[in-house]
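Student: Output the structure for:
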Amino acid sequence: MNGSPGREDRTSLRSADGSTRVGFRAGEWRGHPRATAVRIEAGTPAADLLLRELPGWLVVTDDTLAAPLADAGAEVQRRAHRYGRDLAVQPPDPGWPHPALPAPLRLRPAAEV
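Tutor: Below is the predicted model:
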């Protein structure tokens, strides 16, 4: 493995013949080593390689790698931390800017407070 945890260095896991199989940014999060921006060489069994070479690391990735990691025994920490909403498909309630509030509560512009 190249690079070191603690900085956001680009790091590679290599096979026995020296070819790169998995690349990622090595860093740290809350005192734990973390791999982000994971890139996988086509045909690489990345889940097994990551679990073998990075035991105890947090791996931030999308479902294409997260599902095989979970299937191979990795512990899922968080499913998502970003959410989206298509307002054309699911528009907000028209009354959202002026919700009904119980007395004595009322909305005031922040500039008035």
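
Student: those strands in the chain, which residues are they?
Tutor: 9-14, 20-29, 32-40, 58-59 (DSSP state E).

Student: Mind putting those strands into a markdown table with mean pLDDT and mean neighbour count?
Tutor: Bear in mind the C-beta positions are built from the backbone N, C-alpha and C, glycine included. Shown next, in a markdown table, are the strands of the chain (pLDDT from 0 to 100; neighbours: other Cβ atoms under 10 Å):
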| stretch | mean pLDDT | mean neighbour count |
| --- | --- | --- |
| strand 9-14 | 83 | 16 |
| strand 20-29 | 87 | 19 |
| strand 32-40 | 90 | 17 |
| strand 58-59 | 92 | 20 |
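
Student: pretty sure residue 27 is touching residue 34, no?
Tutor: Yes. Taking contacts as Cβ atoms under 8 Å, residue 27 lies within contact range of residue 34: 5.0 Å.

Student: Could I get the full set of helices for this structure?
Tutor: Under the criterion DSSP state H, the chain contains helices at 46-53, 63-71.

Student: Give me whichever of these is most buried.
Tutor: helix 46-53 (a mean of 18; mean count of other Cβ atoms under 10 Å).

Student: so what does that one touch, helix or strand wise?
Tutor: Applying 3 or more Cβ pairs under 8 Å, 6 or more residues apart in numbering; DSSP states H and E, one finds that helix 46-53 contacts strand 9-14, strand 20-29, strand 32-40, helix 63-71.

Student: so which of these comes closest to residue 96?
Tutor: Among those, the nearest to residue 96 by Cβ to Cβ is helix 63-71 (31.1 Å).

Student: tell me what that closest one is packed against?
Tutor: Under the contact definition 3+ Cβ pairs under 8 Å, 6+ apart, helix 63-71 sits against helix 46-53.

Student: Run the angle between the helix it packs on and strand 32-40 for me.
Tutor: Counting by axes from the mean of the first three to the mean of the last three Cα atoms, to 10 degrees, helix 46-53 lies at 150 degrees to strand 32-40.

Student: pLDDT (mean, whole number) over helix 46-53?
Tutor: Here helix 46-53 scores 84 as its mean pLDDT.
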